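**Q** With the input below, show me the fold.
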Amino acid sequence: MDLYLLRHGEVGHSIISGGTSDLALTESAKKEIAIVAGSIKALNFQITAILTSPLKRATQTAKILSKTLGIENRISVCNELAPEGSRAKLAEILLRYSLDSSILIVGHKPYLSDLMYEIIYNENGHGLKRRTSIGRKQSITELSRGIFLKKAGLAKIRLVSLTPTMRGEIKWLITPRILKQLQRSRS
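**A** Have a look, this model is predicted:
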């Protein structure tokens, strides 16, 4: 299974939703995501489904992507992709798809970085500590900061297993600047 991880675009003003603040994409971010979506379409990744965080900035990003890719009916909003969501429950959702699926996940920092770390190193972040060269301990979130996905950036991970834990390898990371250049070069 191929996972494409996309971080939502730049956020702007606050929209009050159910007593909590949910940030929306800026107009320039919507244009940037449309360009990124065009690049994804041009690269012909054959996306099976889009899973998105329930937060406004992520759902807006997913809607722009799905429209460009012509798969508006294949978006699923997953609470497991919210910043405090469960990656174990995300794995359960992914089990519903066939092994030859290509799933595009729209989410947030640090969730996506932590997810990449857990998949590639086959370790979860619950209480994981490592000793650094200077002797202090770091959490998985601190360690995964080395895997940085910019807003509107895209990563590809090839999953080789979902049970008992997600395991796989990172294939590539692409910055939004490169994705925009790809689209412009096609114009």
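
**Q** how far away is Ala155 from Gly146?
**A** Separation of Ala155 from Gly146 (C-beta to C-beta, to the nearest Å): 13 Å. For glycine as for every other residue, the C-beta is placed from the backbone atoms N, C-alpha and C.

**Q** the more surrounded of those two?
**A** More crowded of Ala155 and Gly146, by other C-beta atoms under 10 Å: Ala155, with 21 against 8.

**Q** From Lys63, how far out is that one?
**A** In this view, Ala155 and Lys63 are 21 Å apart by C-beta to C-beta.

**Q** mind listing what's buried in the lengthiest helix in the chain?
**A** Criterion DSSP state H: the longest helix present in the chain is helix 27-42. Using 16 or more other C-beta atoms under 10 Å as the test for burial, helix 27-42 gives Ala29, Lys30, Glu32, Ile33, Ile35, Val36, Ala37, Gly38, Ser39, Ile40, Lys41.

**Q** what does stretch 62-69 give?
**A** By neighbour count on 16+ other C-beta under 10 Å, the buried set for stretch 62-69 is Ala62, Lys63, Ile64, Leu65, Ser66, Thr68, Leu69.

**Q** which residues are in contact with that stretch?
**A** Applying C-beta atoms under 8 Å, 6 or more residues apart in numbering, the contact partners of stretch 62-69 are 6, 30, 33-34, 36-38, 40-41, 47, 50, 52, 72, 74-75, 104, 106.

**Q** May I see the buried residues of stretch 62-69 organised as CSV, with pLDDT added?
**A** Below are the buried residues of stretch 62-69 laid out as CSV (pLDDT from 0 to 100):
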residue, pLDDT
Ala62, 98
Lys63, 98
Ile64, 98
Leu65, 97
Ser66, 98
Thr68, 96
Leu69, 97
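
**Q** from the residues you listed, which ones fall inside strands?
**A** Here DSSP state E is the test, and the buried residues of stretch 62-69 give no hits in strands at all.

**Q** from the residues you listed, which is closest to Leu81?
**A** Proximity of these to Leu81 was ranked by C-beta to C-beta; the top entry is Ala62 with 9.9 Å.

**Q** Okay, and Leu115 sits in which element?
**A** In the assignment (DSSP states H and E), Leu115 maps to helix 111-121.

**Q** Okay, now the unreliable bits of the chain?
**A** 13-21, 123-145, 187 (pLDDT under 70).
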